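S.K.: My questions are about this predicted structure, shown below with the sequence.
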Amino acid sequence: MKRATLENKVNTSTTVGELLAGQEIVPVVVIETEQQALGLAEALLQGGVNVIEVTLRNAYGIKAIEVVKKQFPEMLTLAGTVNDSQAMRDVMGAGVDGVISPGLTQALLTTAFENQIPYLPGVATPSEIMLGMEYGLREFKLFPATVVGGIGAIKAYGGPFPDLKFCPTGGVGENNYQDFLNLPNVMCVGGSWLAPADLIREHDWQGITKLCQAALTPLG
């Protein structure tokens, strides 16, 4: 009975696929200061990218989400590296638009469904995919993509899981992202190459804007 209730909530809330509709590249970033948060968000927007995944890899991550959402409400702001239910509740309190984790657990799935927050869990095996499907999910993050099979794995998953969509992250960069995007069951890719850590620390916002423009140009 509890599982059925959870699935009903999934069906009435926004899915990650709906949230990311039209997005092909999700910049995955680490932000350490308010100045970085503001400068980076503006640089991405000027480069034509209106989505960002702020990872919780340091103590400032949650505050960075708050800053970006307050100053740039048009930026689709996702929380990454969300590894437990408390972290998920914390980022929801910060106003995040969606949640991404490197893996999935029943606790994370339950928390996401109870709060009707768009959730993209990481998977690396068919069993993890099937667990997510039991909770009503149809979109997954393949992570770390190039380590767990990359393009070959995503092609193979198209057989037993024809209705699923993937966002490969981990090892995806400027030299291979188009190959992933060409697959019919890939909805977007995630990566750090649009906003490298060194450019963020150097406040090279023009450099980041140029990287975004270069990545989006061949996508038409």
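M.R.: In hand now; what should we look at? Note that the coordinates shown come from a computational prediction; the quantities given were computed from them, not determined experimentally.
S.K.: If we ignore the residues flanking it in sequence, what's nearest T14?
M.R.: With sequence-adjacent residues excluded and distances taken as Cβ to Cβ, 6 or more residues apart in numbering, T14 is closest to P118, at 5.2 Å. Using the backbone N, CA and C atoms, a C-beta is placed for each residue, glycine as well.
S.K.: So the one you found sits against M92, correct?
M.R.: No - if you go by Cβ atoms under 8 Å, P118 and M92 don't touch, sitting 10.7 Å apart.
S.K.: Are there residues contacting both of the two? Which ones?
M.R.: By Cβ atoms under 8 Å, 6 or more residues apart in numbering, P118 and M92 have these common neighbours: V99.
S.K.: okay, now F161: neighbour count?
M.R.: When neighbours are defined as other Cβ atoms under 10 Å, F161 has 18 of them.
S.K.: now the strands for this structure?
M.R.: Secondary structure of the chain (DSSP state E): strands at 25-29, 51-55, 76-80, 98-101, 119-123, 139-142, 165-166, 189-191.
S.K.: what about these, which gets the closest to T110?
M.R.: Of all the strands of the chain, it is strand 119-123 that lies closest to T110, at 10.5 Å by Cβ to Cβ.
S.K.: which helices and strands sit right next to that closest one?
M.R.: Judged by 3 or more Cβ pairs under 8 Å, 6 or more residues apart in numbering; DSSP states H and E, the packing partners of strand 119-123 are strand 98-101, helix 106-115, helix 126-134, strand 139-142.
S.K.: For the nearest residue to G103 once chain neighbours are set aside, report the pLDDT, please.
M.R.: Of all residues not flanking G103 in the chain, G122 sits nearest, at 4.9 Å (Cβ to Cβ, 6+ apart). On pLDDT, G122 comes in at 98.
S.K.: got a list of what G122 touches?
M.R.: By Cβ under 8 Å, 6+ apart, the contact set of G122 is I100, S101, P102, G103, L104, F140, K141, L142, F143, T169.
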